[in-house]
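Peer 1: Okay, structure incoming, though there's no sequence with it:
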């Protein structure tokens with residue numbers, strides 16, 4: 001999502017961070033790619049170790065061309081539903097960054 005680096009609503013992390021996140025939290029990470037293979041949206045989340053029924057949505061990002069398509073809602077719903085039985089997820093927490 002190279003074109004979104006100037007977007008004030010995106011908290012960028014290092015590529016290393018994202019590699020570790022996708023490895024260690026693969027079951028709570030969703031990535032959407034364009035037909036050409038470019039990442040156009042992603043959601044990172046984790047089940048809180050101190051509160052195993054709570055899913056913490058850490059970051060959601062969508063390129064400008066993929067916003068307003070309910071992709072974020074669909075990704076969180078997919079993650080939550082996949083953890084409902086296994087982790088008995090009953091709560092979802094999220095942080096919100098106001099766009100400038």
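Peer 2: Everything's here; your move. Since this is a predicted model, take the numbers as computed values, not measurements. Residues are numbered from 1 along each chain as shown.

Peer 1: dump the residue contacts of residue 90.
Peer 2: 53-54 (C-beta atoms under 8 Å, 6 or more residues apart in numbering). From N, CA and C alone the C-beta is placed, and that goes for glycine too.

Peer 1: quick one, phi/psi of it?
Peer 2: Comment: the main-chain dihedrals of residue 90 come out as phi -120, psi -10, following degrees, to the nearest 10.

Peer 1: per-residue pLDDT, it?
Peer 2: In the predicted model, residue 90 carries a pLDDT score of 86.

Peer 1: from the chain's centre, how far out does the lowest-mean-pLDDT helix or strand in the chain sit?
Peer 2: Lowest on mean pLDDT, DSSP states H and E among the helices and strands of the chain sits helix 71-87, with a mean of 75. Here helix 71-87 shows a centroid-to-chain-centroid distance of 11 Å under the convention C-alpha atoms, centre = their mean, to the nearest Å.

Peer 1: Buried residues in it, which are they?
Peer 2: Of the residues in helix 71-87, those scored as buried under the neighbour-count criterion (16 or more other C-beta atoms under 10 Å) are 71-72, 75-76, 79-80, 83, 87.

Peer 1: Secondary structure of residue 40: a strand, I assume?
Peer 2: Yes - note on residue 40: a strand contains this position according to DSSP: H, G, I helix; E, B strand; the rest coil.

Peer 1: Neighbours of it, how many?
Peer 2: In terms of burial, residue 40 registers 22 neighbours under the definition other C-beta atoms under 10 Å.

Peer 1: picking up where we left off before, can you list the helices and strands that the least confident helix or strand of the chain packs against?
Peer 2: Helices and strands in packing contact with helix 71-87 are listed as strand 29-33, strand 39-47, strand 54-62; criterion 3 or more C-beta pairs under 8 Å, 6 or more residues apart in numbering; DSSP states H and E.
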